[in-house]
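J.: Have a look; sequence and predicted model below, questions after that.
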Amino acid sequence: VIEETSGDQAVIDDMCRIVIRDMDQFGVCVVDNFLGYKRGMSVLDEVTGMYTKGVFKDGQLVSNKVKNDLKTIRGDQITWIDGKDDSCKNIGMLISQVDSIILRANKMANNGKIGRYNINGRTKAMVACYPGHGTHYVKHVDNPNRDGRCITAIYYLNRDWNIQQNGGLLRIFPEGWQDKVADIEPFFDRILFFWSDRRNPHEVQPAFKTRYAITLWYFD
Ligand SMILES: O=C(O)CNC(=O)c1n[nH]c2ccccc2c1=O
Ligand SMILES: [Fe+2]
């Protein structure tokens, strides 16, 4: 976990070396203070602005056994953003920051491949909101059947997040770690990278406060 990034290339290169090392060693990498306070807040303001404007689609239907009758409740709400239009230029700035890290890391990794992948594209940014009152995401693999996505990058936006009160922990069950798990708190200005395939089953535990995250999936 490393501190504040500034624009200069040396800092970017240091971060890339850590991403490469952690992805090779653990298949998971966490970087704190990714954008710094000011730029992080500009992204958060954009996202909360979209949320109040009702841009987010209705949450995914999740069946919940409530006193053994199947109740369907709405889970996370999402919207897809390419970051090109003016209304989300700060999300656009986040996307290009993540792009530069991934593409630089891809070049720096031995024989120009990070984890034997040659990253050459990505999805749009998926902005997700868990509205609280117990919304969660069941244990899953992002890319179980080789759909091309190889790295998941999740940027978190949650200020003053307290896991004990607010829940919303991301728990990863990395293959080969036996019964050890990686517990990631969705803290503001934190970015998380992990291999999208079956090596990293993961779940979002029930959240009791509005929880925002922006996900990019990188393709090989
Ligand atoms: O927010 C997190 O910490 C982890 N989040 C996830 O793993 C996750 N994974 N796959 C999705 C697919 C569609 C909509 C939301 C999601 C989603 O939040
Ligand atoms: Fe996921």
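T.: Now that the structure is in, tell me what you want to look at. Ligands and ions are numbered 1, 2, ... in the order given.

J.: For the closest residue to Ile214 other than its chain neighbours, grab phi and psi.
T.: Distances taken as Cβ to Cβ, 6 or more residues apart in numbering place Tyr155 nearest to Ile214, at 4.6 Å, with adjacent residues excluded. In short, each C-beta sits where N, CA and C put it, glycine included. Phi and psi for Tyr155, reported as degrees, to the nearest 10, are phi -110, psi 130.

J.: right, and Tyr155 touches Tyr212 too?
T.: No: in this structure, Tyr155 is not within contact of Tyr212 by Cβ atoms under 8 Å, at 9.3 Å.

J.: Settle it for me: which of these two has more neighbours?
T.: Legend: neighbour count by other Cβ atoms under 10 Å for Tyr155 and Tyr212, higher for Tyr155 (27 against 21).

J.: Tell me how far the more buried one lies from ligand 1.
T.: With distances taken as Cβ to the nearest ligand atom, to the nearest Å, Tyr155 is found 10 Å from ligand 1.

J.: can you pull the contacts of that residue?
T.: By Cβ atoms under 8 Å, 6 or more residues apart in numbering, the contact list for Tyr155 reads 34, 43, 94, 98, 190-192, 213-216.

J.: Now do the SS call for Arg104.
T.: Assigned with DSSP: H, G, I helix; E, B strand; the rest coil, Arg104 falls in the helix class.

J.: Using the three-state scheme, assign the residue nearest to it when sequence neighbours are not counted.
T.: If the residues on either side of it in the chain are set aside, Arg104 comes closest to Cys16, at 4.9 Å by Cβ to Cβ, 6+ apart. When classified by three-state DSSP, Cys16 comes out as helix.

J.: Counting neighbours, what do you get for Cys16?
T.: Cys16: 21 neighbours (other Cβ under 10 Å).

J.: Would you mind measuring from it to Val138?
T.: 33 Å (Cβ to Cβ, to the nearest Å).

J.: would you say Met41 is within a helix?
T.: Yes: Met41 forms part of a helix when assessed by three-state DSSP.
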